[in-house]
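# curious how this folds, go ahead:
(one chain, ligands or ions: 1)
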Amino acid sequence: MKIKRHNAAIRFTHWVTAASIFILLFTGFGQMPIYKRYYVDQIPGLAWSSDFLITLYIHYLAAIVLTFISVFYITYLIYSRAWDVFPRRGDFKESIQIFASMLGLAPEPENDKYLAEQRLAFAVTACSIIALIFTGILKVYKNIPGVHFSETTIFWLAQIHNLFTVVLLLSIIIHLLAFLIKDNRPLVASMFSGWIDREYVIHRHRKWWHRLTDASDLESASSSTNASGDEALV
Ligand code: HEM
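The predicted structure is shown next:
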């Protein structure tokens with residue numbers, strides 16, 4: 001039996017976010033003249049990478065996509081009330097217990113749909129994206145003729161934008177490294193298909209499994225999706 005883990009809206013959000021962020025990172029780093037210096041622009045197909053204006057326009061386009069998908073996701077959250085991925089009280093402690101369990105030092109806690117560390121990582125990623133969009137909009141605004149920001153404001157806008165770029169980059173690296181852990185690997189296929197094995201859920205996400213099999217959720221089990229189209233047993 002398979003369980004619906006990610007509906008189409010979440011998969012769409014995830015992959016549009018990922019694609020736009022990869023493009024933003026690549027073109028953002030391109031604003032520094034590193035691709036010419038390190039011969040990246042010699043790679044076939046990447047000659048444009050050292051052209052400041054081209055990378056700037058692609059950066060703007062990808063930023064528009066990221067802003068759109070962020071608004072889409074916030075609207076989705078309000079509509080679906082799918083707060084499972086938001087941090088909860090005790091998540092720090094539980095994350096330490098999960099790490100200890102990987103080293104065989106403690107039993108693994110019963111996990112909900114997302115692990116405590118995933119919920120914390122989500123908060124870091126989401127806050128970084130919000131900070132980047134906010135500072136990015138201000139950076140574009142200050143480029144409009146007639147708009148004047150003080151030197152100090154421009155300096156701090158750039159510092160904050162760069163700082164959250166690094167935080168986001170680190171959070172993405174950790175996100176990807178997580179899939180080197182064998183227990184997490186079945187999740188990768190589910191981010192494409194939406195479905196995950198029931199046995200995996202029972203083994204790794206027992207709290208979520210209990211919620212799904214609660215009397216109220218069993219009602220939705222007869223159809224392929226529940227009200228939010230978020231999770232279901234078939
Ligand atoms: C580059 C930017 C990326 C960002 C910002 C990002 C962010 C996130 C977030 C916030 C979630 C939780 C989603 C939810 O609401 O259900 C998630 C889940 C996931 N991401 Fe990414 N992601 C990125 C790239 C990737 C890539 C390249 C992969 C490829 C392996 C990937 C694989 C996954 C998987 C498998 C899950 C599902 C985890 C689960 O079901 O518990 N992500 N990602």
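# where does R88 fall, phi/psi-wise?
Per-residue torsions, R88: phi -130, psi 170 (degrees, to the nearest 10).
# find the nearest non-adjacent residue to it, please.
R119 (6.6 Å; C-beta to C-beta, 6 or more residues apart in numbering). Quick note: C-beta positions are derived from backbone N, CA and C, even for glycine.
# isn't that neighbour right up against D91?
Yes - counting by C-beta atoms under 8 Å, D91 is a contact partner of R119 at 5.5 Å.
# which SS class is the residue located most distally from the centre of the chain?
Distance from the centre of the chain peaks at G146, with 36.0 Å (C-alpha atoms, centre = their mean). Put simply, G146 is coil when judged by DSSP: H, G, I helix; E, B strand; the rest coil.
# can you pull the residues of this protein lying near the ligand?
5-6, 10, 14, 17-18, 21-22, 85, 114, 118, 122, 125, 172, 175-176, 179, 187-188, 190-191 (C-beta under 6 Å from any ligand atom).
# just the buried residues from those, in PyMOL please.
In PyMOL, this line selects whichever of the residues of the chain next to the ligand come out buried by 16 or more other C-beta atoms under 10 Å:
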select buried, resi 5+6+10+17+21+85+114+118+122+125+172+187+190+191
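# so of the residues of the chain next to the ligand, which ones are in helices?
For the residues of the chain next to the ligand, membership in helices holds for 10, 14, 17-18, 21-22, 118, 122, 125, 172, 175-176, 187-188, 190-191, with DSSP state H as the criterion.
# if we can go back for a sec, enumerate every residue touching the residue nearest to R88.
Applying C-beta atoms under 8 Å, 6 or more residues apart in numbering, we find R119 in contact with 85-88, 91.
# looking at this structure, which helix or strand is least sure?
helix 215-221 (a mean of 47; mean pLDDT, DSSP states H and E).
# what's the pLDDT at V124?
Listed pLDDT for V124 reads 98.
# I meant T27, not that one.
Listed pLDDT for T27 reads 97.
# do V188 as well
For V188, the model assigns a pLDDT of 97.
# what do you get for L233?
52.
# now swap in W15 and tell me
The per-residue pLDDT reported for W15 equals 98.
# likewise Y76?
For Y76, the model assigns a pLDDT of 98.
# same thing with P33?
84.
# so it touches S49, yeah?
No - contact between P33 and S49 fails when scored by C-beta under 8 Å: they sit 10.5 Å apart.
# okay, those two: which has more neighbours?
Taking other C-beta atoms under 10 Å, P33 and S49 do not tie; S49 has more neighbours (20 against 10).
# ok, and the closest non-adjacent residue to E108?
In space, and not counting its chain neighbours, E108 is closest to S101: 3.9 Å by C-beta to C-beta, 6+ apart.
# surely that neighbour touches L115?
No - S101 is not in contact with L115 according to C-beta under 8 Å; the separation is 10.7 Å.
# of the two, which one has the most company?
A count of neighbours by other C-beta under 10 Å puts L115 above the other of S101 and L115, at 21 against 13.
# name the element the closest residue to the more buried one other than its chain neighbours belongs to?
Once flanking residues are discounted, L115 sits nearest to I98: 6.0 Å by C-beta to C-beta, 6+ apart. I98 belongs to helix 91-102 when elements are defined using DSSP states H and E.
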